[in-house]
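# Based on what follows, work out the 3D shape:
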Amino acid sequence: MGALSSSSPLILRSILRRPPPSAAATTHLSSSFLRIFKTTPFISILTPPPLPISRTSLIPRSLSTSTPSAISAGEETETDVLPEIEIDDKPSVETDDPVDARISSAHKELMSKLKSMSVKEKKELGSYANSLGKKLKSQQVGKSGVTDSVAIALVETLEANELLKLKIHNNCPGELDDVVSRLEEATGSIVVGRIGRTVIIYRPSLTKLKAEEKKKQAMKVFLKRRAAFRNSYQGRTQSRGESATPSNRSRVYRRS
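Okay, the predicted model is just below:
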């Protein structure tokens, strides 16, 4: 350790006493370094371009071959199943029930024959209405006169009852004959009885015609069923009588 400590100042002195390198040497070193740098090839690291990611690359190999065929089959089935729809602008015509059509035609015929009703028929209807007593519906026409609302209410009552008693008050505007004719025109009815300012009007009812037709149809069904039951009952009794006659004969033969 003492030898190293004594020799260290000598080494420093020898280093410091060395002359600095000349400029020619430094230029030579720099030129040689540049020559080496130029002669060495430039190595560039090129990054590969990104690969395009497709939907099929994400599908497993086991399914990649079957999915296109399945998709194409699905497309074919869709194209085969969906037919071409033709839009028809013509409205659909609903066929009415023949029974209802017959009833409506009968009602129209009655309404057309209403004005040509004879005096005898009117009297018969008037007497029938009077015989009903309190069962006959009655309404009144006051100072408002024969308005649309009054006419609608009267038509509803006539549709349910066909006969209606009306009392026309003195404060009703217009003459009595004019009011009566206005009532007939507004309600489509006809006067079949008149006592003073009280009139009885008649109008055929479509609902009653339908109810009567239903009763007739029900009666026809009942008669058919009763006739079929009678025929079956008679057939049973005859078969029982025929089956009983041989035994009776055998009994008579045995007794003899």
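
# how far away is H169 from E124?
29 Å (Cβ to Cβ, to the nearest Å). Any C-beta I mention is one placed from the backbone N, CA and C, and that applies to glycine too.

# Need the nearest residue in space to V141, chain neighbours excluded.
With sequence-adjacent residues excluded and distances taken as Cβ to Cβ, 6 or more residues apart in numbering, V141 is closest to I168, at 4.9 Å.

# Against E212, how distant is T187?
Noted for T187: a distance of 22 Å to E212, by Cβ to Cβ.

# Which one of the two is surrounded by more residues?
Using other Cβ atoms under 10 Å as the criterion, T187 and E212 rank with T187 on top: 21 against 12.

# pLDDT below threshold where in the stretch 1-150 of the chain?
For the stretch 1-150 of the chain, applying pLDDT under 70 flags the ranges 1-10, 12, 14-113.

# go with 50
Residues of the stretch 1-150 of the chain that meet the criterion pLDDT under 50 lie in 1, 4, 37, 40-46, 55-58, 60, 62-83, 85-95.

# doesn't L176 make contact with the residue nearest to V141?
Yes. The pair I168 and L176 passes the contact test of Cβ atoms under 8 Å, sitting 6.4 Å apart.

# what touches both of these two?
Residues touching both I168 and L176 comprise R197, with contact defined as Cβ atoms under 8 Å, 6 or more residues apart in numbering.

# which of these two has more neighbours?
Neighbours were counted for I168 and for L176 using other Cβ under 10 Å; I168 has more, 20 against 14.

# Contacts only, for the more buried one.
Counting by Cβ under 8 Å, 6+ apart, I168 touches Q140, V141, L176, V179, V180, R197, T198, V199.

# Can you check what pLDDT the model gives it?
The model reports I168 with a pLDDT of 91.

# oh, and call the first residue 38 from now on, that's how I've got it
Sounds good: first residue 38 from here, last item I205.

# Backbone dihedrals for it, both of them.
Backbone torsions of I205, given as degrees, to the nearest 10, read phi -100, psi 120.

# So it versus S269, what's the distance?
On the measure of Cβ to Cβ, I205 and S269 end up 62 Å apart.

# ok, now A223?
Computed as Cβ to Cβ, the A223 to S269 distance reads 57 Å.

# what do you get for G163?
Note on G163: its distance to S269, by Cβ to Cβ, is 50 Å.

# More neighbours: which of those two?
G163 (19 against 10).

# tally of neighbours for the closest residue in space to the more buried one that isn't next to it in sequence?
Taking Cβ to Cβ, 6+ apart as the measure, G163 lies nearest to G230, with 3.1 Å between them; neighbours along the chain are not counted. Each residue near G230 was counted by other Cβ under 10 Å, and the total is 19.

# got it, and V217?
Per other Cβ under 10 Å, the neighbour tally for V217 reads 20.

# Right, I'll call it a day here.
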